[in-house]
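A.B. asks: Here is my input; please provide its structure:
(chains A and B)
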Amino acid sequence: MSSEPAAPAGTRTRASTAAGTAAASTSADPGSPAARVATTPTGAKRLSQVSVQRFDRTERVVHWTTAILMLELLVTGAILYLPSIALRVGHRALVENIHVYSGLALLLPLVIGVLGPWRAHLVADLRRFDRWTRADWDWFHVKQKRSHLPAGKFNGGQKAEASFLGGSMVVMLVTGVLMRFAPSSWITWQQGATLVHDVGFLTVGVAVIGHIYMAMSRPEQLKSIFTGFIDRKWAVRNNPAWMAEVETEVADKP
Amino acid sequence: MSEHDQTEAKDDTERSATHVGRRAVLGLAGLGAVGIAFGAKVDNAIGGALTSVSNKLGGLGALVPGADNFRIYTVTGSIPTISPETYRLKVDGLVEHSLELSIDDLRSMPRTKLVHYFQCVTGWRVPSVHWEGVKLSVILEAAGVKSSATAVSFFSGDGVYTESLTMGQAHLPDVLVADRMIGDDVTAEHGGPVRLYVAPMYGYKSIKWLDRIQVSNQVITGYWEQYGYPINAWIGGQA
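C.D. replies: Sure thing, here's the model as predicted:
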């Protein structure tokens, strides 16, 4: 893999999108943001100050398809794993097949996301997850002063979560394949795979619950995984290093 | 500003910081590989201790990984409830005399006790399970197997699950028609009042809620075997 700096991401502002939409649609609801841009001479400029793109369409599609598969895997996994639920639900062959085949599909959105021509933002953000600055390590030390850390687009906690879930998905895929498809002479490895898969179920379950909890308690960030955009002021406050980077990119543009 | 200058200027930013994320991912993958390689040993060594922890946790105990607990499988929507008083095990097909055996009939026949693990094909195992019942070969002998018979089919009271053995496999000394396990009558969850226990094969051969034994001249494809699991389900692929 090349170690060249990634293509800058997150430089597109909402104003261009909104203005484009308004121009294309003259009958827009006057109350909508797009219409406001069209009717206010300085609106476009002001809106570009308001929000900045955090996730592009590829990232949102990859996130939500993976999220749906992940939740479904946790639910079907719980049914297969816990006798008390297994007894209530039954239909083991059906549940097992749903679990196994959606498990095989779990990494597909991410793989397709990083292989296609739509990959730039996603790959740039994966590189951000990879690189840990001083601030990212400090995130784990100075709990009460996290807001003062010069975090990039993602803070240390988010990076840790991303790496943990990424690695876990690979481990769950490999152990799951061993459990379901390995030849019977691999029985010792299957037993090991089962233990790893069980531990993985618990830790991934905790990580996903933690992820959902953090998202719910930060509505501004949560909104950005739906809309792709985040409030600029919020980003300046929480991700100063990222915003400095975005400003530089904008300034660099002719 | 050239790309080089830009990189220099951002020396303390994400662009130049240490690759931690990919190491973490690789580290987890490595841990997973270690777990696959040595998990069985760890499981066998501390499974018993984990089981006592698991039992103390009550309903949440099943969450403890590696504990020596049964996972309860049912392929239909609910587990059949079969009264031991009215239960009859039918034995028919290519036999001299069809039988209908009550629990009392089974208890009056020559009894066999085994202590042997239960091994699931997906990898979990429960060590040292106490099994008690009548050898399948004893029941087949009582019914009188005709010389043309080559196989034995089994049908579950859940109305869906089926299994089969060759006549040779059915006569192995560690194949039991079990009405007691773990020191008690076989519970409904474990396939009671009567289930099969095929010690040398994976758990899916040990059909639960055993309802009917049919002697035939054809090995049928059992329930899980239709989903690709081997018909000759020797544990570890032996023989």
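
A.B. asks: Might you report the residue contacts of residue 235?
C.D. replies: You didn't pick a chain, so chain A it is. By CB atoms under 8 Å, 6 or more residues apart in numbering or on different chains, A:A235 lies in contact with A:52, A:54, A:242-243. (Each C-beta comes from the backbone N, C-alpha and C, glycine too.)

A.B. asks: switch to chain B, that's the one I care about
C.D. replies: Going by CB under 8 Å, 6+ apart, B:I235 touches A:184, A:187, B:119, B:200-202.

A.B. asks: Show the pLDDT at residue 177.
C.D. replies: In the absence of a named chain, this looks at chain A. At A:V177 the predicted local confidence, pLDDT, stands at 96.

A.B. asks: should've been chain B
C.D. replies: For B:V177, the model assigns a pLDDT of 98.

A.B. asks: Distance of it relative to chain A?
C.D. replies: 23 Å (CB to the nearest CB, to the nearest Å).

A.B. asks: The helix or strand that residue falls within - contacts with which helices or strands?
C.D. replies: Using DSSP states H and E, B:V177 sits in strand B:175-181. Helices and strands touching strand B:175-181, by 3 or more CB pairs under 8 Å, 6 or more residues apart in numbering or on different chains; DSSP states H and E, are helix B:103-108, strand B:125-135, helix B:136-143, strand B:195-198.

A.B. asks: How far does the first one sit from its chain's centre?
C.D. replies: Distance, stretch centre to chain centre, for helix B:103-108: 25 Å (CA atoms, centre = their mean, to the nearest Å).

A.B. asks: In the following helix or strand past that helix, which residues are buried?
C.D. replies: Per DSSP H and E, the first helix or strand lying C-terminal to helix B:103-108 is strand B:112-119. For strand B:112-119, a neighbour-count test (16 or more other CB atoms under 10 Å in any protein chain shown) marks B:112, B:114, B:118-119 as buried.

A.B. asks: neighbouring strands for the next helix or strand after the strand holding B:V177, and are they parallel or not?
C.D. replies: Per DSSP H and E, the first helix or strand lying C-terminal to strand B:175-181 is strand B:184-185. Applying DSSP bridges, strand B:184-185 is found paired with strand B:175-181 (antiparallel).

A.B. asks: now the spatially most central residue of chain A, what's its secondary structure?
C.D. replies: In chain A, the residue lying closest to the centroid (CA atoms, centre = their mean) is A:H63, at 4.8 Å. Reduced to three states with DSSP: H, G, I helix; E, B strand; the rest coil, the structure at A:H63 is helix.

A.B. asks: quick one: the strands in the chain?
C.D. replies: No chain in the question, so chain A it is. Applying DSSP state E to chain A gives strands spanning A:51-53, A:131-132, A:229-231.

A.B. asks: Sorry, I should have been clearer: chain B.
C.D. replies: B:18-19, B:89-93, B:99-101, B:112-119, B:125-135, B:151-156, B:162-166, B:175-181, B:184-185, B:195-198, B:210-216.

A.B. asks: coming back round to it: and the buried residues of strand B:112-119, which is closest to chain A?
C.D. replies: B:Q119 (7.5 Å; CB to the nearest CB).

A.B. asks: Pairing partners for B:V215 in the sheet, please.
C.D. replies: Where B:V215 sits in a bridge, its partners, by DSSP bridges, are B:G93, B:V152.

A.B. asks: Would you check that it makes contact with B:V95?
C.D. replies: Yes - here B:V215 reaches B:V95: they are 5.1 Å apart, a contact under CB atoms under 8 Å.

A.B. asks: neighbour-wise, which of these two wins?
C.D. replies: More neighbours surround B:V215 than the other of B:V215 and B:V95, with 23 against 18 (other CB atoms under 10 Å in any protein chain shown).

A.B. asks: if I look at that one, how far off is B:V152?
C.D. replies: 6 Å (CB to CB, to the nearest Å).

A.B. asks: How about A:M179?
C.D. replies: According to CB to CB, A:M179 and B:V152 sit 29 Å apart.

A.B. asks: between those two, which one's more packed in?
C.D. replies: Legend: neighbour count by other CB under 10 Å for A:M179 and B:V152, higher for B:V152 (28 against 22).

A.B. asks: contacting residues around that one?
C.D. replies: B:136, B:140, B:164-167, B:170, B:213-216.

A.B. asks: Next: B:W131.
C.D. replies: Contacts of B:W131 (CB under 8 Å, 6+ apart): B:113-116, B:176, B:178, B:180-181, B:197, B:199.

A.B. asks: and what of A:G103?
C.D. replies: A:73, A:172-173, A:176.

A.B. asks: Narrow the residues you listed to those that are buried.
C.D. replies: Among the contacts of A:G103, those classed as buried by 16+ other CB under 10 Å are A:73, A:172-173, A:176.

A.B. asks: tell me which of the residues you listed is nearest to chain B?
C.D. replies: Nearest to chain B among the buried ones among the contacts of A:G103 is A:M172, at 8.4 Å by CB to the nearest CB.

A.B. asks: tell me how far stretch B:133-142 is from the chain's mean position?
C.D. replies: The mean C-alpha position of stretch B:133-142 is separated from the chain mean by 22 Å, CA atoms, centre = their mean.
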